[in-house]
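[1] Sequence plus predicted model, see below.
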Amino acid sequence: MPPRATDGPTRVGSAVVEDRITPGLYLEMTDDPLDAYAHSRVPDVLALPGATRATWWRNVKRDRVDLPRVLPEFDHLGVYEVDDTFEAPAPPEGIAGHHFRHYPRPGQGVVTGRPTIGLSLVLISPKDPARAQELRDWGDFVHIRHIAEVGVPGYAMITPYENVTGGDPRFMHFYEMDTDDPERAFKSMTPLVGQRIGGPETDAWKAWAFHPELRIMYVNSFTRVGARA
Amino acid sequence: MHGCWYRYQPTPTFDDAWVDACRSLILLDTLIWPAAGNLFPRGEYIAPTIDISVGFHRWQPAEPWLYAQATSHSGGGGVINGDARVWARDGTLLAVGASSLLCRPAPPMGPPA
């Protein structure tokens, strides 16, 4: 299990933590029609060195109002599994790109053996970049941990990533789901966590839901439309 | 497979080596079920451990956070099998275990006798 953000994978006389997550993910966000994106843009990105697999997704709760959003909303999401040799391209007009590297801590949750057909995409940043580690520790040891412990139906692995540029959005929490109704699973999550740690009036819930350094950049749910290796 | 960070409360660490070992033992003993149990409807089954074997490899009594990962390899005839490992935050492998669970329908929930 890799110990720190700056270290590579660590082996301590044993196999590393089972972690089937790819070294990096390159995301593209667009309002372009999805068929056109899949047919024209996906092959271009997959042809880049280090890009190994692409999936494309539809936003199922566009313009949600229940959570803050800093990044512009979008209809469609391209997710590219990439290795460490990948360099993010300059995206064409109408497409925003974000390149993330797997944060060197293991994901949490379950591997169900079923395909990932839903996503909850969470992008956050620290208010003060100098305190990014505090936010990362909160994400891993408080926020994601309780969600993984609850075992939310439909949720699978929750994996932390970090922006390769060190800029915004600094961290991505990549929630894989094996349900075709990811928004329903997402909506069920907070009440289930509340049942375990206490409701919104409790200190435990507030500590789980908020951190002084938390800036929510983007949250939404997606269903998978297509994939190509 | 189930993986998660854990920290005991209200006391996360213990100086006594036997008690410290139990921090790992409890995780190794209990997490095979969530590794397999997500395939079952909630609350309809129970799966107590019927055997467990654990190797304690390293000692980090000052580390409050433990990452535990459990994998269930087999389930059938009412018996679930799996193994699990516990790491410290710096990546040190602390303990490895394997166990079998007897899986049975949960008894009906009713008022206390």
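    The structure has been received and is ready for your questions.
[2] what comes into contact with stretch A:35-54?
    A:22, A:26, A:28, A:30, A:32, A:56, A:76, A:78-87, A:89, A:92, A:95, A:225-229 (Cβ atoms under 8 Å, 6 or more residues apart in numbering or on different chains). Yep, even glycine has a C-beta here, placed from its N, CA and C like the rest.
[3] Could you find the closest non-adjacent residue to A:Gln195?
    Counting by Cβ to Cβ, 6 or more residues apart in numbering or on different chains, A:Gln195 lies nearest to A:Val150, which is 7.9 Å off, once chain neighbours are set aside.
[4] my read: the one you found touches A:Met189, true?
    Yes: A:Val150 lies in contact with A:Met189 (Cβ atoms under 8 Å); the separation is 7.4 Å.
[5] before we move on, what SS does the residue positioned nearest the centre of chain A have?
    When Cα atoms, centre = their mean is applied to chain A, the residue found nearest the centroid is A:Phe174 (2.0 Å). Per DSSP: H, G, I helix; E, B strand; the rest coil, the local secondary structure of A:Phe174 is strand.
[6] next one: A:Arg53
    Relying on three-state DSSP, one would call A:Arg53 strand.
[7] Strands of the chain, start to end?
    Let's take chain A. Using DSSP state E, the strands found in chain A span residues A:24-30, A:51-59, A:76-82, A:95-102, A:108-110, A:118-126, A:155-163, A:171-177, A:214-228.
[8] that answer is for a different chain, and I need it for chain B
    Under DSSP E, chain B gives strands at B:2-6, B:45-46, B:49-56, B:66-76, B:79-88, B:93-102, B:104-105.
[9] any chance of the ones you listed in JSON lines, plus mean neighbour count?
    Shown next, in JSON lines, are the strands of chain B (neighbours: other Cβ atoms under 10 Å in any protein chain shown):
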{"stretch": "strand B:2-6", "mean neighbour count": "24"}
{"stretch": "strand B:45-46", "mean neighbour count": "16"}
{"stretch": "strand B:49-56", "mean neighbour count": "14"}
{"stretch": "strand B:66-76", "mean neighbour count": "19"}
{"stretch": "strand B:79-88", "mean neighbour count": "23"}
{"stretch": "strand B:93-102", "mean neighbour count": "20"}
{"stretch": "strand B:104-105", "mean neighbour count": "10"}
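[10] now for the longest helix anywhere in chain A, which elements pack on it?
    In chain A, taking DSSP state H as the definition, the longest helix is helix A:182-197. Contacts defined by 3 or more Cβ pairs under 8 Å, 6 or more residues apart in numbering or on different chains; DSSP states H and E place helix A:182-197 against strand A:118-126, helix A:144-150, helix A:203-209, strand A:214-228.
[11] at 10 Å what do you get?
    Applying 3 or more Cβ pairs under 10 Å, 6 or more residues apart in numbering or on different chains; DSSP states H and E, one finds that helix A:182-197 makes contact with strand A:118-126, helix A:144-150, strand A:155-163, strand A:171-177, helix A:203-209, strand A:214-228.
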